[in-house]
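Enquirer: Sequence first, predicted model second:
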Amino acid sequence: MKLHILRCGRIRVSETVPFGNRIDLGNTRKQLLAPDRDRVELPVFCYLIEHPRGPVLVDTGWCRDISPDGVFDPRAVGRVLPPHLAAFYHPLLPAGEAIHEQLAARGLRAEDLNCIVLTHLDPDHVAGLRHLGRAGRIVLPEDEYFWSCRTVFKARQPRSLWIDSPLERLYYRGSPLGPNRWAIDLFGDESLQLVNVPGHTDGQAAVLVRSGGRFVLLAADAAFSPRNWREEITPGFGFDRGRQLQSLRWISSMAAEPGCAAVLCSHDPAIQPDLITL
Ligand SMILES: [Zn+2]
């Protein structure tokens, strides 16, 4: 199996987002009000997996409308995101990085994908859905969808970005994997499993890609960098720090397994677009 790491835009956020170590009003204020010069620029990664059953895309990144000229364009952002999220993310999407542009560069169309997996419903992971209208199957955990009605997630996850997509909601089941021991075995052969890693959102999935005796763990936003689990510094963006810690400890245990080829975080600036062969 091959896994392509695709960078589908950037965010310019307060450094309390990756390393805030608590979720409180002080960090939230910094995240909304920090001037652009005081922010860190982080990548937004999606993943294209060459699976024996067909290509599988994990997350979709930003949409072209948010950054028509490839730069941070506050007016364009304001047409896609409400003001508080525009202030939080400062997103940009350089030319050629939108998900449909990257698929086209590889000779792929949305309808060629076996499925799209959404790790969670935050806008930097789902905005690209609007470019993938002809994809056959778009899956996400029912737990993520269910809690999207909770006030904190209503504010974080604009419904306009995903409500019109035909989402297939899958239930977590008992599993040896994850801090909750909840996972979804997508193809029933353990080659691709969505493992519940709560804390950033309730229902968020990490994606465990296994081939032979090796695996890659896509940690989504449960961690922003290995520093989070090595030093037990929790990201300052989430909703439950205790659950963030439980998820970080599970990721740390997976990173220490001998079959671990990589643990990849969706916004780790130390990672470059790359190809991993399993
Ligand atoms: Zn994210």
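Expert: Received the coordinates, thanks. Please read all numbers here as calculations on a predicted model, not as lab measurements.
Enquirer: Show me what the worst-scoring helix or strand of the chain on mean pLDDT is packed against.
Expert: Ranked by mean pLDDT, DSSP states H and E, the weakest helix or strand in the chain is helix 151-156, scoring a mean of 90. Contacts defined by 3 or more C-beta pairs under 8 Å, 6 or more residues apart in numbering; DSSP states H and E place helix 151-156 against no helix or strand at all. In this view, the C-beta of every residue, glycine as well, is placed from N, C-alpha and C.
Enquirer: hmm, who's touching that helix?
Expert: His84, Leu85, Leu121, Asp122, Pro123, Trp147, Ser148, Thr201, Phe239 (C-beta atoms under 8 Å, 6 or more residues apart in numbering).
Enquirer: Let's see which of those residues end up in helices.
Expert: Among the contacts of helix 151-156, the ones falling in helices (DSSP state H) are His84, Leu85, Pro123, Trp147.
Enquirer: quick one: contacts for the second one?
Expert: Read that as Leu85. Contacts here follow C-beta under 8 Å, 6+ apart; on that basis Leu85 touches Pro123, Arg156, Pro158.
Enquirer: Close to the ion as well: tell me which of the residues you listed qualify.
Expert: When C-beta under 5 Å from the ion is taken as the criterion, no member of the contacts of Leu85 contacts the ion.
Enquirer: Dump the helix or strand that contains Pro43 to PDB, keeping only the CA atoms.
Expert: Under the criterion of DSSP states H and E, Pro43 resides in strand 40-51. Provided in PDB are the C-alpha atoms of strand 40-51 (Å, rounded to 0.1, in the frame of the first residue of the first chain):
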ATOM      1  CA  VAL A  40       2.700  30.300  13.400                       C
ATOM      2  CA  GLU A  41       2.000  28.900   9.900                       C
ATOM      3  CA  LEU A  42       1.000  25.300  10.000                       C
ATOM      4  CA  PRO A  43       0.200  22.900   7.100                       C
ATOM      5  CA  VAL A  44      -3.200  21.300   6.500                       C
ATOM      6  CA  PHE A  45      -2.600  17.700   5.500                       C
ATOM      7  CA  CYS A  46      -4.800  15.200   3.700                       C
ATOM      8  CA  TYR A  47      -3.800  11.700   2.700                       C
ATOM      9  CA  LEU A  48      -4.400   9.700  -0.400                       C
ATOM     10  CA  ILE A  49      -4.100   6.000   0.200                       C
ATOM     11  CA  GLU A  50      -3.500   3.600  -2.700                       C
ATOM     12  CA  HIS A  51      -5.600   0.800  -1.200                       C
END
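Enquirer: Which helix or strand lies directly C-terminal to that strand?
Expert: Taking DSSP H and E, what comes next after strand 40-51 is strand 54-58.
Enquirer: got a list of contacts for that following strand?
Expert: Strand 54-58 has contacts (C-beta under 8 Å, 6+ apart) with 46-49, 99, 103, 108, 112-117, 119, 132, 135, 192, 207, 218.
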